[in-house]
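J.: Need coordinates for the following:
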Amino acid sequence: MSDARLLLQALRDPASAVGLDNRRWTALISVARAESLLGALAHRLAGLSVPAEIGRLLGDARRDHDFARTQALWEAEMARRALAPLGVPVILLKGTAYAAAGLSAGQGRSIGDLDILVPRADLDAVQDALLAAGWEWVKPDAYDDLYYRRWMHELPPLIHRERDRMIDVHHTILPLTARPKPDAGAMIADSVALPNGLRVLAPEDMIVHAACHLFADGDLAGGLRNLWDIDRLLRAFGDEIGFWSRLADRAKRHGLRREVSRALRLARRFYDTPVDRALAGKGSLADRLFAARLLARNGWGQGTRKGLRLAFYIRSHWLRMPPLMLARHLLVKASR
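T.: Residues are numbered from 1 along each chain as shown. Purely as a prediction, here's the structure:
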């Protein structure tokens, strides 16, 4: 296979990896690493008969990602301790949320920064508490600070001066300049408490957020991992009574019905994810472009289809802000 489909096949059906030759193993591992899916792949292939060298590599990947999971949960605990005196809801997002909630989406999941969601009205108190607890600004530049605070869905990123771990403090899930306007208040109000006092999004909002992050706020970099998250979440929650109706309602409420429907269609196409066909809707020519972008890697893990990647990069900026604002922002950044 000349693109990322070998990885999709191995994630869908781990037994299909048994008997791969050296060239295909190289391609599989290279693409999985490039897509931040090596940990997930290693867990999927656990217990299968693979070449000894591959077995050692996958074992190392499982240990590395299990350690990263522990580290991410500890960082979440540190944030909880810093923010507990405020009494504000603190909602974990993305990989840390999946791990903290014990979901299969967190198994082997690559976790970078700690992402949290808090009420916008509490941002000043949250930032002050984090600064007092040892976090500091990553971007102390005045323009970047103003840009984040006026237009973005999060504070400027913070990093802990001792642990060297970053935290992104969100007050909603899309930039304020984006066309969809998700109801962050509803997400916070309907979030689910964990035993330690932190919270995670309700299942339907987890999926809406994952679809939003994939299709409404970026250039699809790391898209196969995000789509794998959606597959795992849908398999975890899809059999619950009333789930699909609730998901449709939440997608509509947050103005992200199109993105959720596309996520369902592509998850079914790539991972054989069981989905509600009415909510998924019919495929389109645009789906083919999204699929081509998601698969744009060769057997060495290198990005391919440069023109298509550039088009999606431009699209990602177009989605984030109106043209005149975008032009001004890019001009400022280029001049500096």
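J.: Poorly predicted segments of the protein, please.
T.: Applying pLDDT under 70 to the chain flags the ranges 1-2, 142-143, 321-336.
J.: So what's the residue count around the residue lying closest to Leu123 once chain neighbours are set aside?
T.: Closest residue to Leu123 apart from its sequence neighbours, by CB to CB, 6 or more residues apart in numbering: His171 at 5.9 Å. The C-beta positions use only the backbone N, C-alpha and C, and glycine is treated the same way. Other residues near His171 come to 19 when the count uses other CB atoms under 10 Å.
J.: From His209, how far out is His171?
T.: 14 Å (CB to CB, to the nearest Å).
J.: on that earlier part again, where's the residue nearest to Leu123 relative to Leu310, distance?
T.: For His171 relative to Leu310 (CB to CB), the value is 31 Å.
J.: Confirm Asp168 sits in a strand?
T.: Yes: judged by DSSP: H, G, I helix; E, B strand; the rest coil, Asp168 forms part of a strand.
J.: Send over stretch 85-105 as PDB, restricted to the C-alpha atoms.
T.: Only the C-alpha atoms of stretch 85-105 are listed here, as PDB (Å, rounded to 0.1, in the frame of the first residue of the first chain):
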ATOM      1  CA  PRO A  85      -9.600  26.400  46.200                       C
ATOM      2  CA  LEU A  86     -11.400  28.300  43.500                       C
ATOM      3  CA  GLY A  87     -14.400  25.900  43.500                       C
ATOM      4  CA  VAL A  88     -14.800  26.200  39.700                       C
ATOM      5  CA  PRO A  89     -15.500  23.200  37.500                       C
ATOM      6  CA  VAL A  90     -12.400  21.900  35.700                       C
ATOM      7  CA  ILE A  91     -13.100  19.700  32.700                       C
ATOM      8  CA  LEU A  92     -10.300  17.500  31.300                       C
ATOM      9  CA  LEU A  93     -10.200  17.400  27.500                       C
ATOM     10  CA  LYS A  94      -8.800  15.100  24.800                       C
ATOM     11  CA  GLY A  95      -6.300  12.400  25.700                       C
ATOM     12  CA  THR A  96      -6.000  13.100  29.400                       C
ATOM     13  CA  ALA A  97      -9.800  13.000  29.700                       C
ATOM     14  CA  TYR A  98     -10.000   9.600  28.000                       C
ATOM     15  CA  ALA A  99      -7.300   8.200  30.300                       C
ATOM     16  CA  ALA A 100      -8.800   9.700  33.400                       C
ATOM     17  CA  ALA A 101     -12.200   8.200  32.600                       C
ATOM     18  CA  GLY A 102     -10.700   4.800  31.800                       C
ATOM     19  CA  LEU A 103     -12.000   4.800  28.200                       C
ATOM     20  CA  SER A 104     -10.500   2.600  25.500                       C
ATOM     21  CA  ALA A 105      -9.800   5.800  23.600                       C
END
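J.: Flag every buried residue along it.
T.: Within stretch 85-105, the residues scored as buried using 16 or more other CB atoms under 10 Å are 88-101, 103, 105.
J.: so who does the nearest residue to Leu158 once chain neighbours are set aside touch?
T.: Among residues not flanking Leu158 along the chain, Trp135 sits closest, at 4.1 Å (CB to CB, 6+ apart). The neighbours of Trp135, taking CB atoms under 8 Å, 6 or more residues apart in numbering as the test, are 82, 158-161, 167.
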